[in-house]
Structure formats: C-alpha cells, structure tokens
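Visitor: everything below, folded, please.
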Amino acid sequence: MTAGGPNPWMVINALRSHFSVHVLLEEPESKQEIFQRRKKRLGAVQAFGQLATMAFAKLLRGAAQRRTTEICRLYNANPHFNPDVPVTTVRSINSPEALELVHQCHPGAILLVSTRLMKRDMLEALNVPVLNLHAGINPAYRGQMGGYWALANGDADNFGATVHMVDAGTDTGALLYQVRPKPEKTDFISTYPMLLTAAALDVTCKAVGDALQGQLKPGASMGPSALHFPPTLWRWLWNGAKNGVW
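Guide: Numbers count the residues shown, from 1 in each chain. As a prediction, the model looks like this:
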C-alpha cells in the first residue's frame, strides 16, 4: 500500500523480484488537508513553515538528480513505475474499497510505504501481518524526516531506517529490522529519504519473507521516543547555516 512516488517504486520493484506483488495505490492527501491537520496540532505558523520547506525541497529535486542516480546505482534500485505490477487505485488505505480489495487478494502480508496512517478499525479488520517501512530510526525518530532530524540533532549514529509492525500509533509498532547507512556530503533533505529507502531494501524484503513464512520476530520498541514533522523553512535554513545539515 502506497501513495506512489520514486521511493515506493524502489521498494515495489525490489519486492517484485522475490514475491508476487499487488499494489494498492491511494490518492495522496492534498496540501490543504495536510495544512489543516498540522494547524490543529501545531498551530498555523508551524504548519505553514513546514509546508514551505516541503515546497522548497521539491524545487531542489533537480539539484538532487545526480545523487539520486548514484544512490540507485549503489543499491541496484529501480525507482520507476513497473507496468508488469498490478495496481489498483483507491481513495485511501482506510476506505471500504481498500478493505474489500484486501479480502479479494488474500495477501500473505501487507507492507505500507509512504501512506496515510492506517486507522485502528482498518488494522483490526485485516487478518494479515501489516508492516511499515519508515525512513527513520524508531522510536527516537518517529514521524517524518527521521534521517534529517537525526543529523540536525547531532545524532548521526541514528541516521537510519526501520521496518516495523504497524499498530494504532505513529511508528510505534514492534521493531523488525533497522539499517544505518552513512550519508555523503552531497546528501540533503531531498535525498535523505531515498538513501534510507534504498539502504533498507534488503531488510524490507527479508521482513516480508519472514511474514509470509510465519517467522516474524518483532522486538520491543525501546528508548526515548519522539514524533517529528518536517522542519519549518526557517529552522531548515538555520540548521543548514549553523550545522551544515541541509
């Protein structure tokens, strides 16, 4: 289950080389929906600043092209749409049609990559292991931009990605696997997620294989826990100028 994009397609193509895959593609949330949700939780100024950073990061994707090409080469990753993979579009992974599709497909496991949060009632209605690939080290860097925040906090040892079980919280499920690649000086906010996704492809496939074979061994999510959001534009500029973390 995914909202699509190059990073999820890297995962889909990696899984496709090992398993039979059916993609449930949900419609992305609108910027207005994201803004209103964050405004309610964090306030209008913070919400606006975060969306400004996301918009600016999109403008930098062209500058990131050389590095993203290098990442794909290093990890033998394919970020492109694969027409051989069946795809069904739904409004949301929490919609009735998504649940009906799951019942029709009878999957051995479900993997979430870049989706909305799965609601508790949906999760309880699925009689199948549900896993998530998160671009951050849980539980310290739950939420969004986990790799960026690890570096911005001077915690480079926790620049990494986590494959975990899904529960009703935000990246709070039991841990399965983690990877900690080392970012290059040419990496920045537009390339961190791709680097972490690519580095986690092998353990993601392993976790799905474990689920299909009934051999999952989830571990407790231990240590300090914090939920993160994208930095505001001014915080991103400050961290870049002061600490060289862009």
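
Visitor: neighbours around the closest residue in space to Val87 that isn't next to it in sequence, how many?
Guide: Distance criterion CB to CB, 6 or more residues apart in numbering; nearest residue to Val87, sequence neighbours excluded, is Val23 at 4.5 Å. Yep, even glycine has a C-beta here, placed from its N, CA and C like the rest. Residue neighbour count, defined by other CB atoms under 10 Å, stands at 20 for Val23.

Visitor: check contacts around the nearest residue to Pro86 once chain neighbours are set aside.
Guide: The shortest distance from Pro86 to any non-neighbouring residue, by CB to CB, 6+ apart, is to His22 (5.0 Å). Neighbouring residues of His22 by CB atoms under 8 Å, 6 or more residues apart in numbering: 85-88, 105, 107.

Visitor: could you redo the last one with a cut-off of 10 Å?
Guide: 1, 85-88, 101-102, 104-105, 107 (CB atoms under 10 Å, 6 or more residues apart in numbering).

Visitor: does Arg37 touch Glu29 like I think?
Guide: Yes: if you go by CB atoms under 10 Å, Arg37 and Glu29 touch, sitting 8.3 Å apart.

Visitor: can you give me the strands in this protein?
Guide: For the chain, applying DSSP state E gives strands covering 23-26, 87-90, 110-112, 130-134, 142-143, 161-165, 175-179, 227-228.

Visitor: sorry, back to before: and the pLDDT for the residue nearest to Pro86?
Guide: Listed pLDDT for His22 reads 97.
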